[in-house]
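**Student:** Structure for the following, please:
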Amino acid sequence: MKTLITLLLLTISISSFSQAEKKKDSIIETYFNDLEEVIIVKKKETYVQKSDRMIFNVENSIVSEGGTALDVLARAPGVVVSQDGDLAIRGQQGVSVMIDGKLTQLSQKELANYLKSTTSSNIKQIEVITNPSSKYDAAGKAGIINIVMKKSPASGLKGTAFTNYARSRKNRTNSGLNLSYNKDKFGIFGNYSYTFRGEEERKLFNQIQYTEASRQEIATTNRQFTITDEPLTSNNFKIGTQYQVSPKTNLEMYVDAKIGRYENIANGGNILLDNNNQSLQDVATYNNSKENWYDYTYALSGVHKFNNKGRNMNFDLEYETSKFRSRQFQTAENTDNSNPNSVNDRRGFIPSLLKVYTAKVDFTNPFQEKHTVEWGFKAGIKNNENPSVYEYYENNEWIVDLNSTNHFEYNEEIYAGYINYKYQLDKINFQAGLRSEYTAIVIDQKTLNEKYKSDYLKWFPSLSIKYDLADNHSFHASYSKRINRPNQFDLNPFRFYNDPFNYYQGNPNLIPEIADAAEIGYSWKNIVMATLYFNQTKDVFTEVYLYNPEENTTITTQVNVDKSYNYGTNITNTTKIYKWWSASTLFNIFENRYMGNTFNNDRITPIVTCNLNVQNSFTISETWKAEANAQYQSKSNVGIYVRDDFFDFSIGFSKQILDKKGSIKLNITDVFKTKNYNINSAIGQTSIDRRYNLDSRVATIAFTYRI
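**Tutor:** A predicted model of the protein is given here:
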């Protein structure tokens, strides 16, 4: 069924190319002083292609209504979300995330929780920026994802109220309000949303330990199965004000709060078999992890126009404080009476306190008629303190586990400056820039009384050019150098237990990844956008695992390997097949190739991967609309792992009511329950096969009202 639907939608998309030549409304070109853009359609369509980014207008997507920010990102062009919330663009990990143009400072786990607790009803659009200019932070080897939240600039009182209910294996709901009031020189805005997300996942891990590295003879087989109950509750609000100090100066202040809690209750088992499939250990497991976070951001920003010719200054001041608390309890009961071995109960208290200070100033200076220079500075200071305590239960008392307990403090300072030159002629638009970032890091292992220090200065050039050859042809090319720094969680060498048999251990010897990315694009007859891209990353992060047969535990960590290559092509087409039917097709084919030794595994076999996304919009009547969205991705590399192919087919309907001020939307995601996350790997003497039966089929009914 999934193959039939994919081929049918692809055939429709290809056949639409011929019809689009007569319908010139599929793609038009619009010119700005900034990077040139190519808009797929005249009106605001679901996908908008620019020379350096793809924009996904979430407001226009029916099937995205009622979901979370993480659900929306999984539908953004070229973006794939892992089971743990890791993001990849064009098959490459190492993605930076911005909210309204400001880089987030949360860890991967904290960011995943925040995105799960952010409702899609508050999101205006997603920008996937594959080759940012030097004006942007250099962080993120694969590029930047910018999440643009809704905000009304209209005068008077404006806003939206929304509520929705969803059912998957568990109940889900979120409700909220967005309001803004603008009059004369003064404006105030704010939003609030409450989210409850019930979720149940079913996991099956199979792990085989061999007697030697050639993996010919089995020593033991480990089978783990888990069913989780994962309720998440969040309260997010933002309130701010704008004031026009003078005709040339505007100021904005706001407070943004993210408060939430998450619980992971997991029941499962662990069976260890010998080479004759005889039981060595049969254990029933229980894991309860409770997390709370309190994140507050205080910001002041402004813009001053020196003249009416585009010369201006922008500044941003920001302070973020984030408290994170995690309490874990893990127990394992031996169900095999013939086996006297037992596993100690464990508990952990894992707090962290993050403080981030950021200051940024940007200047824009046009000179002569077609020349512009941008330049600016940014400073960021981060402190994260993590005094974690783990204990195990033995002889009727709780004993501190010295292998896991640690007081870890991470300090990071980044100072940056950039200059960017733009030149715009009738048919040529050129941009070149250079960014410099100085990084100083101090890691304080207070438990061991050890300190690690490092500092380095890096330069990040960027270049882009667009040339309009004729009315029906245009080219663009771009290049940028980027960096991906390890976060404090990756560098902490102490253990973080997922359950009694699996834990993660950081690597303090990780060094940053440095990536060089280039692409060239071509637009034909305002119908097709095609891009060839290439990315080379040095000292690339790769997740590896090591099995300890004595304790029956698997340790996961990260190491640097020599380099990786990511290259491929993507093609975008949007057209109206009929007046009532439009289709957007995004096709991407890529390969990841890794070079370097990884735990005696000197070769990771590259895989050519195809990703196809076909989105169909139907106008049934003036007030009725429908949408059908299909996505398919073949097998792909995820570092040392191979991810199986997956397929997602989702549908949605919307009806405008109350004089078109309100709307009711109904959607079902992953109709055929085929969007699973299955990975496998074989390195050294161990092979792993992990299968996640995700809670991805969700039926949602949503109501929105515009004030």
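
**Student:** who touches Tyr392 in this structure?
**Tutor:** For Tyr392, the contact set (CB atoms under 8 Å, 6 or more residues apart in numbering) comprises 344-346, 398-399, 401. All C-beta spots, glycine's among them, are computed from the backbone N, C-alpha and C.

**Student:** name the element it belongs to?
**Tutor:** Element membership for Tyr392 (DSSP states H and E) is strand 371-394.

**Student:** so what strands line up beside that strand?
**Tutor:** In the sheet, strand 371-394 lines up against strand 346-367 (antiparallel), strand 397-400 (antiparallel), strand 406-424 (antiparallel) (DSSP bridges).

**Student:** how about these in JSON lines, adding mean pLDDT and distance to Met149?
**Tutor:** Shown next, in JSON lines, are the strands paired with strand 371-394 (pLDDT from 0 to 100; distance: least, CB to CB, whole Å):
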{"stretch": "strand 346-367", "mean pLDDT": "93", "distance to Met149": "18"}
{"stretch": "strand 397-400", "mean pLDDT": "94", "distance to Met149": "44"}
{"stretch": "strand 406-424", "mean pLDDT": "94", "distance to Met149": "25"}
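
**Student:** Go through those and name the closest to Val389.
**Tutor:** Val389 lies closest to strand 346-367 among the strands paired with strand 371-394, at 4.9 Å (CB to CB).

**Student:** Helix or strand with the lowest mean pLDDT in this protein?
**Tutor:** strand 28-30 (a mean of 31; mean pLDDT, DSSP states H and E).

**Student:** how close does the closest residue to Ala299 other than its chain neighbours sit to Ala379?
**Tutor:** In space, and not counting its chain neighbours, Ala299 is closest to Glu318: 4.5 Å by CB to CB, 6 or more residues apart in numbering. Here the criterion is CB to CB, to the nearest Å. By it, Glu318 lies 11 Å from Ala379.

**Student:** quick one, what contacts the residue nearest the centre of the chain?
**Tutor:** The centroid of the chain falls nearest to Leu87 when counting by CA atoms, centre = their mean (3.7 Å). Contact partners of Leu87, counting by CB under 8 Å, 6+ apart, are 73, 79-81, 93, 95, 97, 145.

**Student:** where does Ala432 land on pLDDT?
**Tutor:** Per-residue pLDDT puts Ala432 at 94.

**Student:** Which neighbours do Glu318 and Ala379 have in common?
**Tutor:** Common neighbours of Glu318 and Ala379 (CB under 8 Å, 6+ apart) are 357-359.

**Student:** I figured Ser650 was touching Phe672, is that so?
**Tutor:** No - under the criterion of CB atoms under 8 Å, Ser650 makes no contact with Phe672, lying 9.9 Å away.

**Student:** what about Asn113, helix or strand, and which?
**Tutor:** Going by DSSP H and E, Asn113 is in helix 108-116.

**Student:** Next, the angle from that helix to strand 346-367.
**Tutor:** Taking axes from the mean of the first three to the mean of the last three CA atoms, to 10 degrees, one finds helix 108-116 and strand 346-367 inclined to each other by 70 degrees.

**Student:** Going by contacts, tell me the helices and strands next to helix 108-116.
**Tutor:** Using 3 or more CB pairs under 8 Å, 6 or more residues apart in numbering; DSSP states H and E, the elements in contact with helix 108-116 are helix 69-73, strand 249-274, strand 279-305.

**Student:** Now do the buried residues in that helix.
**Tutor:** Using 16 or more other CB atoms under 10 Å as the test for burial, helix 108-116 gives 109-116.

**Student:** same deal with stretch 411-424?
**Tutor:** In terms of neighbour count (16+ other CB under 10 Å), stretch 411-424 has its buried residues at 411-414, 416, 418-420, 422, 424.

**Student:** OK, contacts around the residue lying closest to Tyr286 once chain neighbours are set aside?
**Tutor:** Ranked by CB to CB, 6+ apart and with sequence neighbours excluded, the top spatial neighbour of Tyr286 is Thr331, at 4.9 Å. Listed by CB under 8 Å, 6+ apart, the contact set of Thr331 reads 285-286, 345-346, 500.

**Student:** what's the answer for Asn146, then?
**Tutor:** Taking CB under 8 Å, 6+ apart, one finds 97-101, 126-127, 129 in contact with Asn146.

**Student:** in the host helix or strand of it, what counts as buried?
**Tutor:** Per DSSP H and E, Asn146 falls inside strand 143-149. Residues of strand 143-149 classed as buried by neighbour count (16+ other CB under 10 Å): 143-149.

**Student:** quick one: it to strand 249-274, angle?
**Tutor:** Orientation check (the same axes, to 10 degrees): strand 143-149 against strand 249-274 gives 120 degrees.

**Student:** who does strand 143-149 pair up with?
**Tutor:** Strand 143-149 has these strand partners (DSSP bridges): strand 95-99 (parallel), strand 123-129 (antiparallel).

**Student:** what's next to the last one, contact-wise?
**Tutor:** Identification of contacts with strand 123-129 by CB under 8 Å, 6+ apart yields 52-59, 69, 72-73, 76-79, 89, 136, 143-151.

**Student:** if you set the cut-off to 6 Å instead, what comes out?
**Tutor:** Here strand 123-129 makes contact (CB atoms under 6 Å, 6 or more residues apart in numbering) with 53-58, 72, 76, 78, 143-146, 148, 150.

**Student:** before we move on, what about the first one?
**Tutor:** Judged by CB under 6 Å, 6+ apart, the contacts made with strand 95-99 from elsewhere in the structure are 87, 89, 104, 139-140, 142, 144-147.

**Student:** before we move on, back to that, looking at the contacts of strand 123-129, which is nearest Ser634?
**Tutor:** Once CB to CB is applied, the member of these that ends up nearest Ser634 is Gly78, at 14.8 Å.

**Student:** From Leu612, how far out is that closest one?
**Tutor:** To Leu612, Gly78 is 12 Å away according to CB to CB.

**Student:** all helices for this protein, in order.
**Tutor:** 2-20, 69-73, 108-116, 488-491 (DSSP state H).

**Student:** Give the rounded mean pLDDT of the first one.
**Tutor:** Spelled out, it's helix 2-20. Helix 2-20 comes out at a mean pLDDT of 47.
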